[in-house]
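1. sharing a sequence plus its predicted fold:
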Amino acid sequence: MVALLRRFGLIAACGFVMAGISFAQTSSLEGTVKGADGAGVKGAWVKIVRKDIKGHYQVKTDKKGHYFHAGLPLGTYRVAVEVDGKEMDSVDNVRTTLGDPREVDFDLQEVAKRQQALQQAAESGQLTKEQERSMTAEQKAAVEKTMKERQAAMAKNKELNDAFNAGRVAMESKDYQTAVDSFKKAAEVDPKQNAVWSSLAESYAGLAEKKAGAERDQALQSGAEAWAKAIELKPDDAGYHNNYALLLAKAKKFPEAQAELEKAATIDPTGAGRYFYNLGAVLVNTGQLEPAGAAFKRAIQADPNYADAQYQYGMYLISKATTTPEGKIVPPEGTAEAFQKYLQLKPDGRDAPSAKAMLATLSAGVQTTYKNPEAKEEKKPGRKR
């Protein structure tokens with residue numbers, strides 16, 4: 001019997017030892033997650049990954065930002081916090097122990113400050129010894145990558161600025177070929193800069209004015225391509241569409257120019273009068289009278305108070321006037337009104353004398369017989385005495 005009891009006692013003792021070993025193998029983690037505003041973050045995931053033996057655990061923070069996970073095997077862990085699916089911070093090589101839970105807190109406000117400091121260090125290319133010691137290998141690699149990218153970006157930016165500024169200087173001195181070469185170089189450095197393409201287009205337009213024949217046509221074509229690229233990068237710029245239209249008009253691509261001006265007027269309705277007036281001016285200078293008249297009319301329709309458009313439309317209409325056998329000028333309808341509107345809007349304008357002269361001519365008619373001013377006046381026969 002004693003032997004039997006001893007046997008049971010031994011078994012009981014063994015059972016107690018085994019239970020003690022099982023209890024000793026578990027531990028726990030707890031902590032608080034604070035947000036950038038200093039308040040606890042509710043619903044953040046705390047990911048607990050065992051490093052010595054494969055094991056993954058996770059727990060959510062409560063409404064105060066607190067978390068607790070029990071039943072963790074003793075070991076070494078990486079503990080990370082995720083907010084909205086993005087890892088915000090982590091603590092590596094956390095060793096759990098028996099007894100009280102191991103506390104691992106996360107302060108995202110401090111994390112943001114550290115990240116800002118690291119960003120500034122990466123931009124300056126200088127890390128403090130303290131920063132280097134506190135960084136993981138992954139963080140160091142990321143900062144080194146940022147530094148290299150920053151240095152490359154700075155070098156690229158300098159090259160871009162140098163080429164762009166050289167182009168602007170050449171433009172101001174009307175050295176359009178040098179301007180073209182400089183802006184083309186800038187476009188090669190960074191083809192995503194709309195200001196570079198628009199400047200290149202302007203340079204080609206200036207170059208075309210100094211060329212003739214095939215060379216002029218080629219410059220206009222290249223300028224049109226540059227404007228198209230600028231508009232591709234910034235399609236909502238009414239000024240780009242306007243200037244593109246003017247260049248197309250110089251190349252005698254009138255339907256395309258009209259389409260671009262329609263786009264400009266749609267984007268910027270308040271400037272529609274100016275856009276159509278500009279087209280009319282280009283057309284007049286290239287001898288395209290009828291398209292010019294239509295453009296001036298569109299300018300007036302868009303903005304009846306556009307004085308210069310009123311005058312130019314009046315000049316277009318006067319060119320269509322006819323003369324009766326009696327010498328009376330018969331202008332198309334609206335001619336006098338266009339000159340009168342101009343004088344109302346710009347009584348002292350550059351074209352005011354011309355507008356007044358046109359109105360005087362329209363009201364007086366024209367002389368239909370020729371008289372030699374050098375001829376002596378014939379005396380009428382008088383009464384004999």
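-> Nice, I can see it. Values in this document were obtained by computation on a predicted structure and should not be read as measured data.
2. and the one helix or strand residue 88 maps to, what's its mean pLDDT?
-> Under the criterion of DSSP states H and E, residue 88 resides in strand 86-95. In this model, strand 86-95 has an average pLDDT of 92.
3. low-confidence stretches in the stretch 1-150 of the chain?
-> For the stretch 1-150 of the chain, residues meeting the criterion pLDDT under 70 lie at 1-24, 118-137, 139-140, 142-144, 147.
4. what segments of it are helices?
-> 2-24, 108-124, 129-134, 137-172 (DSSP state H, counting those that start in this stretch).
5. what do you get for the stretch 151-300 of the chain?
-> Using DSSP H, counting those that start in this stretch, helices in the stretch 151-300 of the chain cover 176-189, 194-209, 213-233, 238-250, 254-267, 272-285, 289-302.
6. what about the residue positioned nearest the centre of the chain, distance to residue 328?
-> For the chain, the residue nearest the mean C-alpha position is residue 234 (6.0 Å; Cα atoms, centre = their mean). For residue 234, the distance to residue 328 (Cβ to Cβ, to the nearest Å) stands at 54 Å. Any C-beta I mention is one placed from the backbone N, CA and C, and that applies to glycine too.
7. what of residue 222?
-> Here residue 222 is placed at a distance of 52 Å from residue 328 (Cβ to Cβ).
8. before we move on, what about residue 117?
-> 87 Å.
9. and the gap between residue 104 and residue 56?
-> Distance, residue 104 to residue 56, using Cβ to Cβ: 16 Å.
10. between the two, which one's more packed in?
-> Taking other Cβ atoms under 10 Å, residue 104 and residue 56 do not tie; residue 104 has more neighbours (20 against 8).
11. which residues are in contact with the more buried one?
-> The contact partners of residue 104, taken as Cβ atoms under 8 Å, 6 or more residues apart in numbering, are 29, 30, 31, 79, 91, 94.
12. any quick PyMOL command for the buried ones out of those?
-> This is the PyMOL syntax for the buried subset of these, where burial follows 16 or more other Cβ atoms under 10 Å:
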select buried, resi 29+30+31+79+94
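13. ok, so of the contacts of residue 104, who is nearest residue 38?
-> residue 31 (15.6 Å; Cβ to Cβ).
14. what's opposite that closest one in the beta bridge?
-> Per DSSP bridges, the residues bridged to residue 31 are residue 67.
15. that one: what's it in contact with?
-> Taking Cβ under 8 Å, 6+ apart, we find residue 31 in contact with 46, 66, 67, 103, 104, 105, 106.
16. same deal with residue 81?
-> So residue 81 contacts 33, 44, 45, 46, 47, 87, 88, 89, 90, 106, 108 (Cβ under 8 Å, 6+ apart).
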